[in-house]
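>>> coords please:
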Amino acid sequence: MNNPPADRWEFSLLVDRTSRIIEARGLFELYFGVQAGSLVGRHLVAYLDESERLAFLRYMSRLRVSGEAAPVTAMLHTPTVGAKRFAMAARTGEGGSFWWLMFGHEENVPGSPPALSDAEQPFASTEELATLADAHDHAKFPLDLTLFRAQILRQDPPPRRFSSEARKALDDALGDSLRAHAHQHVVARPDIGEYALLHSRAKSVLEMGESLIVVARRHKLTARALGLIHETRRLPIEVPTAELIQEMRRKIRRNNHSGAQSLAVTLESNWLPYAVSGGGALLLLAAWLLIRSRQ
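Here you go, the predicted structure:
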C-alpha cells in the first residue's frame, strides 16, 4: 500500500469505497483507546457525527468519481475524547480503489477548510444510501429497506392545480418527513416522488406512511389523492444494495393502481380518529347515531 504523508497528521486510515478500514496508522491509542490494528474491518462512517454522515458519504462519492476531494473538517466521535472536529484530507491509495484519509488538528484561522455539509442537497443518492447499507453491521442490528412512491407526483402531465413550486414543496416535505424513521436520518430520493430509506425491522410501514399523510393533509391532499405505493426488502441480500434499489424501483413502477389504493385506503381509515374536529365531528357523530338506530 502507498504510504500516506506523515507531516502534521495525527492519524491516517486507508479505506475502501464503503469506508471500511483496510489499514490504520498513527495515534489511535490516544484518540480511540485501541491499537491501530483493532480498527481494521470497521467502517469509518460509524465514527462520524450523525449530522455529517451523509456529507461524508458524498465526500467518498467524489473520491470514487474524480479521485480527489478538497480538504474539509469532520466531527468524529471516539471512545477516549468524545466529539472532536479534525481537519481531514484525502489521497489516492494503491490501484485507485482505496484512499488514505488523514486527520489532524483543526485550525480555526481564516482560509481554513470548511466543515462537511450536505446543506446544498439534503437527500442522498441511491449510491450513497447503498454505501450506508453496505457499511452497516446487519448481524448486530438488522435493517430493512423501504421504497415509497407518491403517485400524484409521478403523473404526466401533473395535475393542473399543481405548480412546479407546489410540486417541489410537496416532494421536499414528503422526503423530510421520513427522516425521523430513517437509519441515521438519511433518506434517498432517486427521482421526484420516490423515497428510499433504511430502517429498523420493527418499524411499521403504516407508521411511516402516516407521516406522509400528515404532510399530504398540510398540502390539502387525501391519502387516496397522494396514491402511495411501497416496497420493502430485508437486508442484507446477495446482490449489491444499489442494484436492489433499482430493482425495487422497476417493480414499484409496474404495480397497478389498485395496489396503490390498498395502502391509501388503510392509511385513510387510520386517520378517522383524528378527523373528529369541527364539522367532521358532527358528521361522524351523525353516522354513529344512524348505525345505532338500525341495530
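>>> which residues of the stretch 1-150 of the chain fall in strands?
11-15, 21-26, 72-78, 82-92, 99-105, 143-150 (DSSP state E, counting those that start in this stretch).
>>> so residue 215 is in which element?
helix 205-218 (DSSP states H and E).
>>> avg pLDDT for that helix?
Helix 205-218 shows a mean pLDDT of 94.
>>> which residues of the stretch 1-150 of the chain score low on pLDDT?
1-7, 109, 118-120 (pLDDT under 70).
>>> Ramachandran coordinates for residue 154?
The phi and psi values for residue 154, taken as degrees, to the nearest 10, are phi -100, psi 0.
>>> quick revisit: let me have the strands of the stretch 1-150 of the chain in JSON lines, adding mean neighbour count and distance to residue 169 as columns.
C-beta here means a position set from N, CA and C on the backbone, and glycine is covered the same way. What follows is the strands of the stretch 1-150 of the chain, written out as JSON lines (neighbours: other CB atoms under 10 Å; distance: least, CB to CB, whole Å):
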{"stretch": "strand 11-15", "mean neighbour count": "22", "distance to residue 169": "38"}
{"stretch": "strand 21-26", "mean neighbour count": "18", "distance to residue 169": "41"}
{"stretch": "strand 72-78", "mean neighbour count": "18", "distance to residue 169": "31"}
{"stretch": "strand 82-92", "mean neighbour count": "17", "distance to residue 169": "34"}
{"stretch": "strand 99-105", "mean neighbour count": "22", "distance to residue 169": "37"}
{"stretch": "strand 143-150", "mean neighbour count": "22", "distance to residue 169": "13"}
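>>> on that earlier part again, right, and the helix or strand after the helix holding residue 215?
helix 223-226.
>>> Can you name the element that comes right after that following helix?
Once helix 223-226 ends, the next helix or strand along the chain (criterion: DSSP H and E) is strand 228-234.
>>> what's that next one packed up against?
Judged by 3 or more CB pairs under 8 Å, 6 or more residues apart in numbering; DSSP states H and E, the packing partners of strand 228-234 are strand 143-150, helix 205-218, helix 241-254, helix 257-270.
>>> would you list the strands of the stretch 1-150 of the chain in JSON lines and tack on distance to residue 208?
JSON lines is the format used below for the strands of the stretch 1-150 of the chain (distance: least, CB to CB, whole Å):
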{"stretch": "strand 11-15", "distance to residue 208": "32"}
{"stretch": "strand 21-26", "distance to residue 208": "33"}
{"stretch": "strand 72-78", "distance to residue 208": "27"}
{"stretch": "strand 82-92", "distance to residue 208": "30"}
{"stretch": "strand 99-105", "distance to residue 208": "34"}
{"stretch": "strand 143-150", "distance to residue 208": "7"}
